[in-house]
Each structure stands twice: as C-alpha cells, then as structure tokens.
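[1] Compute the structure for the input listed below.
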Amino acid sequence: MLSAISLVLAIAFFALGIAQRTIWSPPDTLVQQVEEQVTTPALLVDTSVLTYHEGAETLQVESDGPITVIVGRTHDLVGWLGETPYTVATAQSGAEVSTEVVEEGSAELPESFENDLWQDFHEGEGSLEIPMDLPNGTSVLVIGDGVSAAPSDVQVIWPNAAKYPLFGPFITAGFVLLFFAVLFLALGLANHRRKRGPQRATAKELTRSDRRAIAKGKAPLAIRGAEPEPSPESASADEPPAPEAEPSAPEDAQSSETTDDSKNKEDDENA
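    Purely as a prediction, here's the structure:
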C-alpha cells in the first residue's frame, strides 16, 4: 500500500516538474513596449521605462526608414529638443507604457543629431537592437529622418531570470518518493515470503522414551512425525483370522481317567 502511494506521488511530482518547463513555463523575456502610434518627429523613452525591471536591458526599434537612437541624460535630451514637439513614453509601477505629446513649439529638429553631451549614439536602417544597462536619470531619444513621425515599434526587453522556480524541488521530490516506493516494495516482498514459511513442517526429534514406546507399539499420538496407533477395528480387519482351538475332552472322561490311574497306582504299591 505504501509502495503504491509513493509511486503515485512520485509520478505526480514528476508531472508537475515537467509542467514547470512546458505549459507553466514563464516567458523567457520581459517586455515593455510603446503601444500607441507616435505622431511627432522624436520619441523620448524615459528612464522609468528603461529601468522598469532589474538587470541589463535591450532596446529594439523597428522602422521602414532610417533610425537614430541617442542615449544621454534626460535633462540634456530635453534641452537639446528645445521647442521641437516630441512624445515622451513613461511607465508607472505595475502599468503599461503610456505616451504623452509635449508641444513646446513648432521648431524642427537640428540637422545634425550628433552632440558631445550624448553617452551613446546609434544609426541604422530598418531595425536596431542595442544592448545597454542604463542607470536612473538616463533616457533614450528615438528619431526617424527628423521630419516625419518617429518609429512607433519600440520595445525594451529584459531576460527573465526566474524561469523555472519549482522545477528542481518537484523533480527532487519525485526521485525521493520513487526511492521510497522501491524500498517499500522490496520490504513487502520480503515480508510476504517470510510469512509463507516452509511448505512442510519438519519432524520432531524423538527421545529415548518415545523410541521405546514406538517399539512396543504404544507411541503417543502427540509425537510429530509418528504414525498414530491403529484402532482395534482396523487391526482386526488387516490381520488374518486366528485358527479355531480343538474341542476339549468331556469332564466325565477326565474323571474316569483319573480313577483308573489311582487304581493302577494302588495295585503297584500292594505288589
């Protein structure tokens, strides 16, 4: 019984452990992305989005045209934009990325995007994927060609460190229960064999008095291994019938013979 219960529990824990790696597996990455369409020439990704999760992040930008990504301190980027309208993307704790259009004026972006204040600067066509690990107070400015709307397909990706939190405990518990199932099964088989015992009981060693009783045909029935004394009925049935005794002479004949013997004895004495 214990072996069966342990085996069922072991299978259940193995199934739970496998489910942790398959159907219940958390995503490999954590993603924050801009959900709304950007209509301004520049998109400022605030530090609250870039530091939403712990660890190093990766900025991924997709567009149909040229892409420029500028990394710098937030107040330096805002000062450089000046009176150019731009969209700022922020994220509150436990919420998705929200966007807000900031319109300081109608000025256009400067023709050159390079500046000595920037911490990093990237240019590309179609897509950009930039690994980074930015501290608080640092933001990212995403620009297209500087005239049309900035790219809207912007994602910040983090690797998910807590992938399978219960996989190890479930698999370990499964192996422990499987071991106990095998152990209980072995103990049960050994106990079953011990209870069965020998198929035939051994004979008891006879004492000297028992052997004498057997020789005289008076062995007690309590002696193990000794055959019981046959009953009178069975003995009479097995033995052949005894011969009949010869008929004895009549009493008068015996008395006459005694008288004749006494007379003959007296005659001999007189002679």
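
[2] Now do the contacts for Gly82.
    104-105, 107 (CB atoms under 8 Å, 6 or more residues apart in numbering). Using the backbone N, CA and C atoms, a C-beta is placed for each residue, glycine as well.

[3] Tell me the spacing between it and His53.
    As judged by CB to CB, to the nearest Å, Gly82 and His53 stand 32 Å apart.

[4] ditto for Arg194
    Distance from Arg194 to His53, by CB to CB: 62 Å.

[5] Output the lowest mean pLDDT helix or strand found in the chain.
    helix 232-238 (a mean of 49; mean pLDDT, DSSP states H and E).

[6] beta partners of the spatially closest residue to Val140 that is not a sequence neighbour?
    Excluding the flanking residues, the one nearest Val140 by CB to CB, 6 or more residues apart in numbering is Val45, at 4.3 Å. Beta bridges link Val45 to Ala89, Val140 when assigned by DSSP bridges.

[7] correct me, but Val45 touches Leu134?
    No - taking contacts as CB atoms under 8 Å, Val45 lies outside contact range of Leu134: 10.0 Å.

[8] Mind checking the pLDDT average for stretch 164-172?
    When pLDDT is averaged along stretch 164-172, the result is 84.

[9] Check stretch 96-103 too.
    Averaged across stretch 96-103, pLDDT comes to 88.

[10] same question, stretch 137-154
    On average, stretch 137-154 scores 92.

[11] give the contact list for the residue positioned nearest the centre of the chain.
    With distances taken as CA atoms, centre = their mean, Gly174 lies nearest the centre of the chain, 2.2 Å away. Going by CB under 8 Å, 6+ apart, Gly174 touches 10-14, 17.

[12] check contacts around Glu103.
    So Glu103 contacts Pro85 (CB under 8 Å, 6+ apart).

[13] measure it to Gly217 for me?
    As for Glu103, its distance to Gly217 is 131 Å (criterion: CB to CB).

[14] show me the contacts for Pro110.
    Trp80.

[15] My reading is that it is in a helix; is that accurate?
    No - going by DSSP: H, G, I helix; E, B strand; the rest coil, the assignment for Pro110 is coil, not a helix.

[16] Just read off the phi/psi values of it.
    In terms of degrees, to the nearest 10, the main-chain angles of Pro110 are phi -60, psi 150.

[17] can you pull the buried residues of stretch 52-71?
    52-53, 57-61, 63, 67-71 (16 or more other CB atoms under 10 Å).

[18] Let me see the ranges of the helices in the stretch 1-150 of the chain.
    In the stretch 1-150 of the chain, the segments counted as helices under DSSP state H, counting those that start in this stretch are 2-21, 47-50, 74-81.

[19] I'd like those helices laid out as TSV, including mean pLDDT and mean neighbour count.
    Formatted as TSV, these follow (pLDDT from 0 to 100; neighbours: other CB atoms under 10 Å):
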stretch	mean pLDDT	mean neighbour count
helix 2-21	87	16
helix 47-50	92	20
helix 74-81	92	17
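
[20] No further questions, thank you.
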